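**Student:** Sharing a model prediction with you, sequence too.
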Amino acid sequence: MKKVAIIFHDTDSTSGATRSMMEIIDNLNSRDIYLAAIVRNKTGTLIPELKDKNIEVMYAPFWGNTFSLRSDQIHYLLKIPSYTIRSILNIINSAKLALVLKKRGFNIVYTNTRTTYIGANIKFFYKKIRHIWHIREYGVEDHDLGTFGGEKLFYKILNKYADDVVFISNSMCQKYSDHILIPKVHVIYDDVSEKYIQKRTDLLKSREFSILICGNICPKKGQDQIIKAVRKLVEFGIFPKLYVAGRVTDTNYYKEIVEYTMINRLENNVFFTGQLNFEDLMQLRKKTFITVVASYSEGFGRAAIEGMLSGHLIIGADRPATNELIKDGVTGRLYKYNDIEDLAKILLEAYKQLFPVDVVRLNGFNIATNFTKGIAAERIAELLA
C-alpha cells in the first residue's frame, strides 16, 4: 500500500488550493492508498473535514516562503530577520517530519502549493521518499506574491527536490517550463465536486439582471473592472445588481472600490457580501445569472467552472487560464482585460439577448460537467501508483 503525506499550506477549507485537493481526496479515499495530512496548526475548517474522511492529521508548525509585493520595501526588509528565523525552524521541523515519515514507511510526500518548501526539505532529509509538487499559483501574476530568496532559488529547489511536478493548466505549465529541468511534468486540471451542479431552465430575460464576482478581493481579481462596467450600464438606464463575494486580502484596494461605489451612487447596484460559506454561496448563485471572472491570471479558474455548473453565463477576461476554459461565443464570453467599455458592451448584449445567451450557458454547463467526473483524481492516483 502506498502511504502518502499531503502538505496543506493552510487549514481554510474554502481556499482554492485546499478545496481542490479535498475534492481529489474524495475520489482517492476509496483506493488502496493511505492518506495523511500535514498541517501547520490545529484550528481551521479543514481539520474536522479531514477527520470526517478518516484522514490522519499530523501537526507541525511551518511557515511559507512568500511575501506580498503590495508591501513597501521597508516592510519587506523588516520581515527578513523573522523569515530567516522561520526558515531555520522550518528546516528543524522538516527533519523531524522526515524521521517520522521514514519510520512509518511513507512512500510519497505531496506538496499542494508552491508557497512552502516543507516537502522539499523533507526530501532533503529522506532521500528515498518521492516528492510530488503540485503547483497551483503563478505567484506574481495572480496573487502579487514574491518569493523570499528570489525566483532563482525557488527553481533551484524545485528542480533538485521534486520528482514530479503537477500544473493545473497549460498556461501555468508554459510559465514555468523554461525553468524546469525535471522530465516528469504533468498538466492536470482540477476536479470540481458535483455538489456545485444546479440545473436551471430559467431564462435571463425572465429574471432580475444580476451578476456575481467571487474570489479574494485584491487588484489581480479585477473587482474594480466589473464595478466600473456596472456604472456604465447605469448610465445607459440599465440597473443590474452586482454581488461581490470574497475575503478581503488587500484592505486599501477594498476601501478604494467601496469608495468608488459610494461616490458614484451605486449602493443600490453593488453589494459586498464578504466571504460566504458553501451554502450561502450556492444560494447567491441561485439568485444570480452571470458570473464575471475579471482576473489578470487564474491558475485554473474554479470560479468559472463553478459558475457554469450553476447555469450561469460566464464572462471572463481574455487572460490565462480563463481563456482555456471559455470559447468565446460558444461556452461563455471573453472581453479584453481591463477594457471597461468591452466588458460593459458584452453585459449589455447579454441583457438585450443580442447573442444566444441560453445556448451559450448550456454549452458552458455541459463542458463544466466534465470536471465533475474525477478525472484529476484518476490521473493523480496513476501518479501515486
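**Tutor:** Alright, I've got the coordinates. The structure presented is a predicted model; accordingly, all values stated were derived computationally and were not measured.
**Student:** Check which helices and strands the strand or helix carrying V258 is in contact with.
**Tutor:** Counting by DSSP states H and E, the element that carries V258 is helix 251-263. Applying 3 or more Cβ pairs under 8 Å, 6 or more residues apart in numbering; DSSP states H and E, we find helix 251-263 packed against helix 223-235. Where C-beta positions appear, they are placed from N, C-alpha and C, glycine not excepted.
**Student:** so after the helix it packs on, what's the next helix or strand?
**Tutor:** strand 241-245.
**Student:** elements contacting that next one?
**Tutor:** Using 3+ Cβ pairs under 8 Å, 6+ apart, strand 241-245 is in contact with strand 210-214, helix 223-235, strand 270-274, helix 278-287.
**Student:** Give me the contacts around it.
**Tutor:** 208-215, 217, 223, 226-227, 230, 257, 269-276, 281, 284, 288 (Cβ atoms under 8 Å, 6 or more residues apart in numbering).
**Student:** got the end-to-end distance for stretch 11-21?
**Tutor:** 12 Å (Cα to Cα, to the nearest Å).
**Student:** residues touching A37, list them.
**Tutor:** Neighbours of A37 in contact, by Cβ under 8 Å, 6+ apart: 5-6, 8, 46, 50, 55-58.
**Student:** tally of neighbours for the residue lying closest to Y296 once chain neighbours are set aside?
**Tutor:** Leaving aside its chain neighbours, Y296 sits nearest to K220 (4.7 Å; criterion: Cβ to Cβ, 6 or more residues apart in numbering). Using other Cβ atoms under 10 Å, K220 is surrounded by 22 other residues.
**Student:** So K220 versus I346, what's the distance?
**Tutor:** Noted for K220: a distance of 21 Å to I346, by Cβ to Cβ, to the nearest Å.
**Student:** for Y138, same thing?
**Tutor:** Counting by Cβ to Cβ, the gap from Y138 to I346 is 25 Å.
**Student:** again, but for Y254
**Tutor:** Taking Cβ to Cβ, one finds Y254 at 25 Å from I346.
**Student:** so where is the protein shaky, pLDDT-wise?
**Tutor:** Along the chain, segments meeting pLDDT under 70 span 72, 202-207.
**Student:** any idea which helix or strand comes after the longest helix seen in it?
**Tutor:** Scanning the chain for the longest helix, with DSSP state H as the assignment, gives helix 73-103. Sequence order places strand 108-111 as the next helix or strand after helix 73-103, per DSSP H and E.
**Student:** which residues are in contact with that following strand?
**Tutor:** Residues contacting strand 108-111 (Cβ under 8 Å, 6+ apart): 2-7, 101, 118-120, 122-123, 126, 129-134, 384.
**Student:** Can I get the following helix or strand past it in CSV? Just the C-alpha atoms.
**Tutor:** Heading C-terminal from strand 108-111, the first helix or strand you meet, by DSSP H and E, is helix 118-125. What follows is helix 118-125, C-alpha atoms only, in CSV (Å, rounded to 0.1, in the frame of the first residue of the first chain):
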residue,chain,number,x,y,z
ILE,A,118,8.5,21.8,3.6
GLY,A,119,8.1,19.0,1.1
ALA,A,120,11.5,19.8,-0.5
ASN,A,121,13.1,19.9,3.0
ILE,A,122,11.6,16.5,3.8
LYS,A,123,13.1,15.2,0.5
PHE,A,124,16.5,16.6,1.5
PHE,A,125,16.4,14.6,4.8
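**Student:** list the helices and strands helix 118-125 packs on?
**Tutor:** By 3+ Cβ pairs under 8 Å, 6+ apart, helix 118-125 packs against helix 73-103, strand 108-111, strand 130-135, helix 151-161.
**Student:** hey, which of those is tucked in deepest?
**Tutor:** strand 108-111 (a mean of 26; mean count of other Cβ atoms under 10 Å).
**Student:** For that strand, which strands pair with it and how are they oriented?
**Tutor:** The strands beside strand 108-111 in its sheet (DSSP bridges) come out as strand 2-7 (parallel), strand 130-135 (parallel).
**Student:** Pipe these into TSV and attach distance to Y196 per row.
**Tutor:** What follows is these, written out as TSV (distance: least, Cβ to Cβ, whole Å):
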stretch	distance to Y196
strand 2-7	22
strand 130-135	21
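**Student:** For Y138, which non-adjacent residue is spatially closest?
**Tutor:** Leaving aside its chain neighbours, Y138 sits nearest to S297 (5.3 Å; criterion: Cβ to Cβ, 6+ apart).
**Student:** State the three-state secondary structure for the one you found.
**Tutor:** Following DSSP: H, G, I helix; E, B strand; the rest coil, S297 is assigned to coil.
**Student:** residues contacting it?
**Tutor:** So, once contact is read as Cβ under 8 Å, 6+ apart, S297 ends up touching 138, 141-142, 171, 220, 319-321.
**Student:** just I211 next, same as before
**Tutor:** 226, 230, 240-243, 288-292, 347.
**Student:** what's the burial count for G105?
**Tutor:** With other Cβ under 10 Å as criterion, G105 counts 9.
**Student:** And the closest residue to it other than its chain neighbours, how close does it get to P81?
**Tutor:** Nearest residue to G105, sequence neighbours excluded (Cβ to Cβ, 6+ apart): K3, at 5.9 Å. Applying Cβ to Cβ, the value for K3 to P81 is 37 Å.
**Student:** helix/strand/coil for the residue lying closest to I375 once chain neighbours are set aside?
**Tutor:** Nearest residue to I375 in three dimensions, chain neighbours excluded: D191, at 6.7 Å (Cβ to Cβ, 6+ apart). Per three-state DSSP, the secondary structure class of D191 is coil.
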